[in-house]
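A.B. asks: Dropping the sequence and predicted coords here.
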Amino acid sequence: MTSEEILRGVEQVAREHLNRPGELRLDMDLIEDLELDSLLLLTMAVEVENRFRIYLEEEDEAAIRTVGDLVDTVQRKLEQGAS
């Protein structure tokens with residue numbers, strides 16, 4: 001799966017579960033730009049896991065600050081699952 005496909009999937013999650021319309025950019029900060037509080041961050045993490053059928057560990061979640069970080073993490077997890 002390409003980064004672009006993952007980004008579109010993350011946008012879909014944001015639209016459906018966070019009521020966040022519009023396109024996301026890789027440089028967007030999840031807290032400052034998207035204004036996600038701890039509950040919304042948790043919702044995003046769970047719904048991204050469901051959407052892509054991956055598991056985000058605590059270390060993964062702690063390292064995710066931007067949409068790009070999230071996309072990179074999802075891509076890495078998908079590649080690990082495919083190996």
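C.D. replies: Done, it's in.

A.B. asks: Please name the nearest non-neighbouring residue to the residue most central in space within the chain.
C.D. replies: By CA atoms, centre = their mean, the chain has its centre lying nearest to residue 70, at 4.3 Å. The shortest distance from residue 70 to any non-neighbouring residue, by CB to CB, 6 or more residues apart in numbering, is to residue 64 (5.1 Å). C-beta: built from backbone N, CA, C; applies to glycine.

A.B. asks: for the one you found, phi and psi?
C.D. replies: The phi/psi pair for residue 64 (degrees, to the nearest 10) reads phi -90, psi 120.

A.B. asks: Over to residue 66?
C.D. replies: According to degrees, to the nearest 10, residue 66 has phi -120, psi 170.

A.B. asks: from memory it sits against residue 27, does it?
C.D. replies: Yes. The criterion here is CB atoms under 8 Å, and residue 66 meets it with residue 27 at 6.1 Å.

A.B. asks: Quick check on those two: which one has the bigger neighbour count.
C.D. replies: residue 66 (19 against 9; other CB atoms under 10 Å).

A.B. asks: Fine by me, we can end here.
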